[in-house]
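>>> mind folding the following:
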Amino acid sequence: MHYLGEAESLMPGIESKLLTLKIAPSEILTADGRVIYQVSTELRESVPISAVPQRVRDAVIEAEDRRFYEHHGIDFWGLARAATSGAKEGHVSQGASTIPMQLAKRLHSAGERTVDRKLLDMAIAEKLEEQWSKDHILELYLNQVYFGSGAYGIQTAAKTYFGKDVGHLTLGEAAMLARCVRTPSRENPFINYDKAEANRDVVLKSMLEDGKITQAQFDEASNEDDQKNLAPHNRDANGRIDQAPYVVTAVLKELKEQFPNIHLAEGGYKIYTNIDWDMQRAAERGVQHAVSRNAEAGVNNAAFVMMDGEGRIKALVGGANFKKNQYNTVVQGHRQPGSAFKPFVYAVALSRGRLELNSSISNERLVYTDPSTGRTWSPRNDNGKYGGMVSLRSALAASINVPAVRTILDVGVGDVVQYSKDVFGFTSDLPEYPPLALGACDVSPLEMAEAYSVFMLRGSRAKPFLIDKIEENGNLVAESAPRIARDVLSPSVCDEMDTLLRAVVTGGTGTRAAVVPNARGKTGTTSQNKDAWFCGYANGLLGIGWVGNEQYSKRLKAYVPVAMRRSVFGGTVTAPFWAEVMGAAYGKFGDRYARSENLPSDAERMAPDSKKAEDALPKDDTQIPIDINVPNPNGSPDQRNPPVTGGDPTAVVAGPGHGANPNPESHLPAPPPDPTLAEPKPLRHAPPPERPAPRPVVHAQPREVEYVDVEICADSGELATDYCPETVTRRFVKGRQPRRRCHVHRG
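The predicted structure is shown next:
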């Protein structure tokens with residue numbers, strides 16, 4: 001009687017606890033409402049008993065309490081059997097712990113193994129039977145019990161293990177989950193599938209003996225290959241990643257940095273992202289296609305990020321295989337952009353008045369001498385063509401290296417670095433040496449997206465952002481707004497660059513992106529073909545695509561970048577990949593995003609300065625002639641560089657003809673001279689009156705670059721500790737490697 005009285009007094013507290021357990025898990029959602037992540041202290045999604053099929057109820061009852069509908073909370077027959085004999089191997093145990101007693105233990109005693117606690121559980125079980133119906137008790141039990149892998153409740157277990165709602169579980173899947181309750185952390189399908197399968201057959205046999213299923217149903221369920229139906233085992237602490245794992249990890253990283261007081265595990269939060277699910281799926285498919293179609297060429301990783309004119313990230317894929325490598329190249333990666341960096345060099349020259357749209361630049365061999373050391377460096381054109389003058393249009397469209405280096409030397413490396421930070425928004429350290437013109441620097445895809453937005457937005461710059469708003473139990477906690485830096489670059493310069501970037505697509509190295517209407521962009525390929533990019537925009541959406549090759553190093557115990565085949569270029573591999581994703585977005589939205597208020601109108605694009613820029617170039621979309629055969633006033637002969645293999649893009653070498661090529665992008669054959677350049681203009685040195693006065697030029701000294709390999713945490717990007725669950729080894733320029741130990745996993 002003492003225990004019954006105590007149980008009576010505990011009932012209000014138990015009912016109150018049931019209410020707190022109904023707090024919704026925190027969720028991360030796409031802009032169109034798809035849940036891609038759930039987390040709570042106990043990952044749980046409750047369902048009414050009416051949503052649980054009879055086969056699932058029967059399987060759980062057979063596994064845990066075969067006399068559930070016959071006793072009143074305590075199974076005295078079970079108690080007697082438990083006192084006289086143990087459970088037989090290969091048969092469902094009929095021990096003393098009933099479903100009401102297990103529920104009592106779950107809600108009050110927390111599993112303490114004492115005689116008093118056991119007697120109190122029995123008393124609470126009787127009170128539960130007095131106050132609630134059998135179906136209600138079963139519903140509470142199904143929504144409370146732990147199934148392993150962080151899954152509390154049958155609905156969460158169904159989604160965790162099989163990626164489906166409980167209503168869609170097969171008989172075999174239901175029997176497998178029912179038995180998980182016994183030893184959820186050791187015998188669940190993820191940890192020990194063979195044991196889970198044997199347990200399934202035990203439950204099915206018991207159901208057959210009690211007439212819950214027929215022999216035919218038993219045979220069919222016993223022969224199910226449930227292992228093929230298992231969902232991906234994507235876990236993050238107490239959370240379950242249902243979809244888009246790279247998006248989820250990027251959001252979690254951003255929350256830690258910007259909202260440290262928000263604890264998702266407490267439940268009740270909804271994090272709405274800017275991700276459009278259709279665009280995200282298109283980007284994920286594009287990444288997989290880029291890898292599978294080019295696997296023989298050494299491509300095994302790819303990444304993509306897409307944003308609109310306000311900076312809202314609509315799709316983000318940080319790698320090709322999240323199970324293998326959780327490192328998010330879009331958010332955490334810093335790779336050399338190659339020739340995709342050249343537009344910023346030419347934009348500075350146009351802005352400073354050192355070039356005009358119809359200018360020509362010398363393609364003579366160039367040997368740069370470091371005035372402090374006397375060492376020399378000679379950039380190399382990948383197509384081996386030198387001499388004469390090339391138009392600015394051809395220099396960018398065909399991605400010729402020598403004119404780009406001449407341009408950065410003319411405007412000043414220091415000015416290009418300053419513009420890159422102030423105008424284009426780069427935050428990474430940019431080395432002040434001439435190879436910067438060829439993309440010999442480490443930047444992230446997000447930085448490239450922000451930088452290219454200046455051209456798309458006609459002089460304004462959009463900061464990429466992933467989280468739209470945060471709600472807690474329906475109340476708005478935080479809301480993001482577009483961060484637009486207005487008028488950072490002259491609209492007329494952007495119009496000129498827009499025209500040049502269009503030429504890359506219509507007749508230069510990026511022609512494989514031309515299937516997307518109104519596409520503009522630039523290819524980029526780095527030394528030894530370790531990175532291949534296409535960065536561009538069309539119809540109000542901007543996309544950055546990257547492919548690479550990462551191989552596992554047993555010595556470093558991490559994935560490290562290695563060379564792809566020489567056939568892999570930004571124009572041959574990444575541009576088609578970019579076009580696939582951006583084309584899918586255009587197919588869904590047409591030019592909807594092109595009408596964004598942040599984007600220039602057609603009238604603005606065709607303003608007097610813009611009209612002048614448009615008229616300076618041919619109107620057709622035919623192949624752009626690469627006009628390197630225009631006679632050189634100095635009469636120097638055209639010479640060819642011998643091929644260089646294994647070159648360091650930042651190396652300083654002695655004399656011409658031996659320079660490494662950081663950007664093997666200018667691989668098109670040389671067609672006839674450009675008919676629009678009958679009288680080629682040299683590189684201009686006098687700025688026009690309407691342009692701002694040039695900034696003081698800082699001539700930086702070239703330097704040899706040393707690299708160090710550092711083990712970092714895949715979550716924080718900081719120095720790895722013993723407590724970091726996932727680590728990778730990355731190569732950094734010496735002096736720019738992370739120095740702070742991981743603040744996320746402190747032990």
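
>>> so what's residue 57 up against?
Each residue near residue 57 by CB atoms under 8 Å, 6 or more residues apart in numbering is listed here: 49, 138, 142. For glycine as for every other residue, the C-beta is placed from the backbone atoms N, C-alpha and C.

>>> got a pLDDT number for the first one?
The score at residue 49 is 93. That number is its pLDDT.

>>> burial count for the nearest residue to it once chain neighbours are set aside?
With CB to CB, 6 or more residues apart in numbering as the measure, residue 139 is the residue that lies nearest to residue 49, at 3.9 Å, once sequence neighbours are left out. Using other CB atoms under 10 Å, residue 139 is surrounded by 21 other residues.

>>> what does residue 306 give?
Around residue 306 sit 28 other residues, with neighbours defined as other CB under 10 Å.

>>> ditto for residue 205
If we define neighbours as other CB under 10 Å, then residue 205 has 18 of them.

>>> ok, the one 5 residues further on next?
Applying the criterion other CB under 10 Å, we find 13 residues in the vicinity of residue 210.

>>> before we move on, back to that, let's see which of the contacts of residue 57 end up in helices.
Counted as lying in helices by DSSP state H, out of these, are 138, 142.

>>> can you tell me which of the contacts of residue 57 is nearest residue 713?
Using CB to CB, residue 142 is the member of the contacts of residue 57 that sits closest to residue 713, with 38.1 Å.

>>> any idea how far residue 371 is from the closest one?
78 Å (CB to CB, to the nearest Å).

>>> out of these two, which sits in the busier spot?
Residue environment comparison for residue 142 versus residue 371 gives the larger neighbour count to residue 142, 24 against 9, counting by other CB under 10 Å.

>>> contact partners for the more buried one?
Applying CB under 8 Å, 6+ apart, one finds that residue 142 lies in contact with 47, 49, 52, 57, 60, 153, 154.

>>> out of these, flag the one nearest to residue 363.
Nearest to residue 363 out of these is residue 153 (CB to CB; 69.0 Å).

>>> so what's the residue lying closest to the closest one once chain neighbours are set aside up against?
Closest residue to residue 153 apart from its sequence neighbours, by CB to CB, 6+ apart: residue 143 at 4.4 Å. Taking CB under 8 Å, 6+ apart, we find residue 143 in contact with 44, 46, 47, 152, 153, 154, 155.

>>> give me the neighbour count for the second one.
Meaning residue 46. Each residue near residue 46 was counted by other CB under 10 Å, and the total is 18.

>>> try the fourth one
The local packing count at residue 152 equals 26, with neighbours defined by other CB under 10 Å.

>>> now it, what are its backbone angles?
Comment: the main-chain dihedrals of residue 152 come out as phi -110, psi 130, following degrees, to the nearest 10.

>>> which strand residues bridge it?
Here residue 152 shows beta-bridge partners residue 44, residue 146, assigned using DSSP bridges.

>>> just the pLDDT at it, thanks.
The confidence metric pLDDT takes the value 85 at residue 152.

>>> that one reaches residue 44, doesn't it?
Yes - with contact defined as CB atoms under 8 Å, residue 152 reaches residue 44; the gap is 4.1 Å.

>>> find residues that contact each of the two.
Where contact means CB under 8 Å, 6+ apart, the residues bridging residue 152 and residue 44 through contact with each are 143, 144.

>>> which residues touch the closest residue to residue 574 other than its chain neighbours?
With CB to CB, 6+ apart as the criterion, residue 574 has its nearest non-adjacent residue at 4.2 Å, and that residue is residue 534. With CB under 8 Å, 6+ apart as the criterion, the residues that contact residue 534 are 340, 510, 513, 521-524, 544-545, 570-571, 574-575, 577-578.

>>> could you redo the last one with a cut-off of 7 Å?
By CB atoms under 7 Å, 6 or more residues apart in numbering, residue 534 lies in contact with 510, 513, 521, 523, 545, 570, 574, 575, 578.

>>> for my notes, confirm it occurs in a strand.
Yes - counting by DSSP: H, G, I helix; E, B strand; the rest coil, residue 534 is located in a strand.

>>> what bridges to it?
Those that pair with residue 534 in a beta bridge, by DSSP bridges, are residue 523, residue 545.

>>> now it: how far from residue 587?
Between residue 534 and residue 587 the distance, using CB to CB, works out to 19 Å.

>>> could you pull out the strands for the stretch 1-150 of the chain?
Using DSSP state E, counting those that start in this stretch, the strands assigned to the stretch 1-150 of the chain run over residues 26-29, 35-39, 43-44.

>>> quick one on the thing from earlier: with distance to residue 27 added, can I get the contacts of residue 143 in JSON lines?
What follows is the contacts of residue 143, written out as JSON lines (distance: CB to CB, whole Å):
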{"residue": "44", "distance to residue 27": "12"}
{"residue": "46", "distance to residue 27": "14"}
{"residue": "47", "distance to residue 27": "16"}
{"residue": "152", "distance to residue 27": "16"}
{"residue": "153", "distance to residue 27": "16"}
{"residue": "154", "distance to residue 27": "19"}
{"residue": "155", "distance to residue 27": "14"}
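
>>> can you name the two of those residues that sit furthest apart?
When the contacts of residue 143 are compared pair by pair using CB to CB, the two farthest from each other are 47 and 152, 12.2 Å apart.

>>> closest one of the contacts of residue 534 to residue 459?
residue 521 (18.2 Å).

>>> find the nearest non-adjacent residue to that closest one, please.
If the residues on either side of it in the chain are set aside, residue 521 comes closest to residue 536, at 2.0 Å by CB to CB, 6+ apart.

>>> so that neighbour touches residue 518, yeah?
No - the pair formed by residue 536 and residue 518 falls short of the contact definition of CB atoms under 7 Å, at 10.3 Å.

>>> show the pLDDT at the residue nearest to residue 49.
In this prediction, residue 139 has a pLDDT value of 91.

>>> number of nearby residues for residue 194?
The local packing of residue 194 (other CB under 10 Å) involves 10 other residues.

>>> contacting residues around it?
With contacts taken as CB under 7 Å, 6+ apart, residue 194 has no neighbouring residues.

>>> all helices of the stretch 101-250 of the chain, in order?
According to DSSP state H, counting those that start in this stretch, the stretch 101-250 of the chain carries its helices in the segments 115-131, 134-144, 154-162, 171-180, 193-209, 215-222, 245-258.

>>> nearest to residue 433, of those?
Using CB to CB as the criterion, the shortest distance between residue 433 and those is 31.8 Å, found for helix 245-258.

>>> average pLDDT for the closest one, rounded please.
Across helix 245-258, the per-residue pLDDT values average to 93.

>>> off-centre distance for it?
In terms of CA atoms, centre = their mean, to the nearest Å, the centre of helix 245-258 is found 10 Å from the chain centre.

>>> and what of stretch 299-319?
7 Å.

>>> for stretch 522-542, same thing?
Offset of stretch 522-542 from its chain centre (CA atoms, centre = their mean): 17 Å.

>>> buried sites along that stretch?
522-542 (16 or more other CB atoms under 10 Å).

>>> got the phi and psi for residue 520?
Recorded main-chain torsions at residue 520 are phi -130, psi 150, according to degrees, to the nearest 10.

>>> pLDDT wise, what is the spatially closest residue to it that is not a sequence neighbour at?
Computed as CB to CB, 6+ apart, the closest residue to residue 520 that is not its neighbour in sequence is residue 501, at 3.9 Å. Model confidence at residue 501, expressed as pLDDT, equals 98.
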